[in-house]
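A.B. asks: quick one, fold the following:
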Amino acid sequence: MTEELAQDILTRAMSAGVTLTTAESCTGGMVAAAITDIAGSSNIFERGVVTYSNAAKVELLGVQPATLEAHGAVSEEVAAEMAEGARARAGADLAVSVSGIAGPGGSEHKPEGRVCFGLASASGTRTETVEFGALGRGKVRAAATRHALQLLLDALP
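C.D. replies: Below you'll find the predicted structure:
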């Protein structure tokens, strides 16, 4: 399924002349890997950044320390700033970001399986949170990767 999504993204992005970038935390580059697994992806994929630590989010993507302090890394506010920072730094048309708690663990306020997504384009930024549940680390990461790819695909003309 991931390969099919990535192939569809490549086909539609090439047709529309759209470039993409990714900013990932809990998925550790899995979204970028899915896209770049497809031959020809260099035509549309600019770069992917894995910003696992808060310091990396600040240094590489321009996430504001105050946003991290106020909302935490797993928040729609941080996901928005990640996507916007990635898009601006890459000069890409479309950016997706992923930040979540793959597990094991979590807390009452931020449970395992919660993943926040950002999608930035010239028309603005939108965010969403998906509660995948305590599926286990690998399954949460795989589900988040598929969801991020679907967000990209849905945003393409």
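A.B. asks: what does the helix ranked longest in the chain rub up against?
C.D. replies: If you go by DSSP state H, the chain has its longest helix at helix 137-155. Here helix 137-155 makes contact (Cβ atoms under 8 Å, 6 or more residues apart in numbering) with 1-2, 5-6, 8-9, 12, 20, 22, 24, 26-28, 30-31, 34-35, 94, 96, 98, 100-104, 112-113, 115, 117, 119, 121, 130, 132, 135. Every C-beta, even on glycine, is put in place using the N, C-alpha and C of the backbone.
A.B. asks: could you give the bridge partners of Val115?
C.D. replies: Gly100, Val130 (DSSP bridges).
A.B. asks: give me the neighbour count for it.
C.D. replies: Using other Cβ atoms under 10 Å, the number of residues around Val115 comes to 26.
A.B. asks: hang on, it packs against Leu135?
C.D. replies: No: look at Val115 against Leu135 with Cβ atoms under 8 Å: they stay out of range, at 11.0 Å.
A.B. asks: just the pLDDT at the residue nearest the centre of the chain, thanks.
C.D. replies: Of all residues in the chain, the one closest to the mean position by Cα atoms, centre = their mean is Ser97, 2.4 Å from it. We have a pLDDT of 98 for Ser97.
A.B. asks: so it sits right up against Glu77, yeah?
C.D. replies: No: counting by Cβ under 8 Å, Ser97 does not reach Glu77; the two are 11.3 Å apart.
A.B. asks: identify the contacts common to these two.
C.D. replies: Common neighbours of Ser97 and Glu77 (Cβ under 8 Å, 6+ apart) do not exist.
A.B. asks: residue boundaries of the strands in the protein?
C.D. replies: 20-24, 45-50, 94-100, 114-121, 124-131 (DSSP state E).
A.B. asks: kindly reformat these as JSON lines containing distance to Ala66.
C.D. replies: Shown next, in JSON lines, are these (distance: least, Cβ to Cβ, whole Å):
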{"stretch": "strand 20-24", "distance to Ala66": "19"}
{"stretch": "strand 45-50", "distance to Ala66": "21"}
{"stretch": "strand 94-100", "distance to Ala66": "16"}
{"stretch": "strand 114-121", "distance to Ala66": "17"}
{"stretch": "strand 124-131", "distance to Ala66": "17"}
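A.B. asks: which among these is found nearest to Leu68?
C.D. replies: Closest approach to Leu68 among those is made by strand 94-100 (10.3 Å; Cβ to Cβ).
A.B. asks: that closest one vs strand 114-121, what angle?
C.D. replies: Interaxial angle of strand 94-100 relative to strand 114-121 (axes from the mean of the first three to the mean of the last three Cα atoms, to 10 degrees): 170 degrees.
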